[in-house]
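Asker: build the 3D model from these lines:
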Amino acid sequence: MEDNGLDLEFILQSCGIGTDVDEEVLIDNLVNLSDNYTDEELIQIYNYLLGKIYNPKVLMQLIRLADQYRDKSSLSVLCDLLLMRINLENTPYDFDDLTNVRVMCAKAIANIKDTSVVGSLLYCLNNKDENYKVRLACADALGKIGDKYATAPLIDLIQDEDEKSVYLKESAVSALGFLGDDMAIDPLVSILEAKQGILDKFSFLKERVIEALGKLSTNNRKVIKAFKNSLFDVSPMVRINAIEAIMNSGEDDAAETIKPSLYDDDDEVKKNALIALYNLLGREILDEVISIPSYCEFIKKEAQALIDEYEEDGDEPE
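Answerer: Sure thing, here's the model as predicted:
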């Protein structure tokens, strides 16, 4: 088989593909192709070989090589692998063997950043019978590609009470943050304000929601209210994320909103509140904390440590 002067079938055979050659030797042969061909030729070769190799370890290396170029011509074969539109008959491999390959395909597809593949990614994401690792990778890819066509399906996923994977919902939430579509604000706020059930057990989801809302909007009153309410969440990490979000919100009352967190029951929350206030107010908050008796010794020591580290040399907070 020849194409643009390349005998692709000969290259396939010379690499040892389809023979009993050890997989490590195959991988070395693939890597060494770069010594003899131009970048344009390598892309063509990699695309051809991606449809001819079934060994998962060798495929992973080949995808890495193709991913260096991030050429749109690779999308078709990468999508075929992702969707398993390949013939595994007469091979020792099955769908499960290729799970990590498909995850890597989704990542490589995301790096090309072409919206034509959104439908393929959504197909895998919405298939509840699909391996959750593949679904996670597709959610991440949708966020990186940035096509707002994916917003509604991602919202459906995070609102789906029958969806068992909290980790998948986390990835969908993060993707919504990257997409930047304000349509996601109300559904995300609803998750943040939930008070019972699985959402309290898995606080990481709420943390991701706060991060996503921070990317979407810091001027929306619903968002600001949700951030403020999150200062009283049962999870210290959610409270810490809320402090950072409020600090970055640009609200006139951000400092006054954060100040009560200096009395939080959790030392890390108190420490993060102090750092946020230092970023907002500068040295004055440190002097205030040290001088007012009602603040605990832990936070006074933290204030003194900030003075010793940043103030003695005249450094300003970032």
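Asker: pull out the buried positions in stretch 262-277.
Answerer: For stretch 262-277, the neighbour count (16 or more other Cβ atoms under 10 Å) marks Leu262, Asp264, Val269, Lys270, Lys271, Asn272, Ala273, Leu274, Ile275, Ala276, Leu277 as buried. Yep, even glycine has a C-beta here, placed from its N, CA and C like the rest.
Asker: give me the low-pLDDT residue ranges for the protein?
Answerer: Where the chain drops to pLDDT under 70, the residues are 1-4, 195-201, 218, 312-318.
Asker: so which residue is dead centre in it?
Answerer: By Cα atoms, centre = their mean, the mean C-alpha position of the chain lies nearest to Asp140, the distance being 5.2 Å.
Asker: what about that residue, helix or strand, and which?
Answerer: Assigned by DSSP states H and E, Asp140 belongs to helix 132-145.
Asker: quick one: buried residues of that helix?
Answerer: Using 16+ other Cβ under 10 Å as the test for burial, helix 132-145 gives Val134, Arg135, Leu136, Ala137, Cys138, Ala139, Asp140, Ala141, Leu142, Gly143, Lys144, Ile145.
Asker: quote the end-to-end distance of stretch 141-152.
Answerer: 15 Å (Cα to Cα, to the nearest Å).
Asker: mind exporting the C-alpha coordinates of stretch 296-310 to PDB?
Answerer: Extracted in PDB, the C-alpha atoms of stretch 296-310 (Å, rounded to 0.1, in the frame of the first residue of the first chain):
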ATOM      1  CA  CYS A 296      -6.900  32.300  69.700                       C
ATOM      2  CA  GLU A 297      -3.200  31.700  70.200                       C
ATOM      3  CA  PHE A 298      -3.000  29.600  67.000                       C
ATOM      4  CA  ILE A 299      -4.100  32.400  64.800                       C
ATOM      5  CA  LYS A 300      -2.000  35.000  66.600                       C
ATOM      6  CA  LYS A 301       1.100  32.800  65.900                       C
ATOM      7  CA  GLU A 302       0.100  32.500  62.300                       C
ATOM      8  CA  ALA A 303      -0.200  36.300  62.100                       C
ATOM      9  CA  GLN A 304       3.200  36.800  63.600                       C
ATOM     10  CA  ALA A 305       4.700  34.200  61.200                       C
ATOM     11  CA  LEU A 306       3.300  36.200  58.300                       C
ATOM     12  CA  ILE A 307       4.900  39.300  59.700                       C
ATOM     13  CA  ASP A 308       8.200  37.600  60.100                       C
ATOM     14  CA  GLU A 309       8.100  36.100  56.600                       C
ATOM     15  CA  TYR A 310       6.800  38.900  54.500                       C
END
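Asker: next, the contact list for Arg283, please.
Answerer: Ile307, Glu311 (Cβ atoms under 8 Å, 6 or more residues apart in numbering).
Asker: please identify the buried residues of stretch 165-179?
Answerer: For stretch 165-179, the neighbour count (16+ other Cβ under 10 Å) marks 167-179 as buried.
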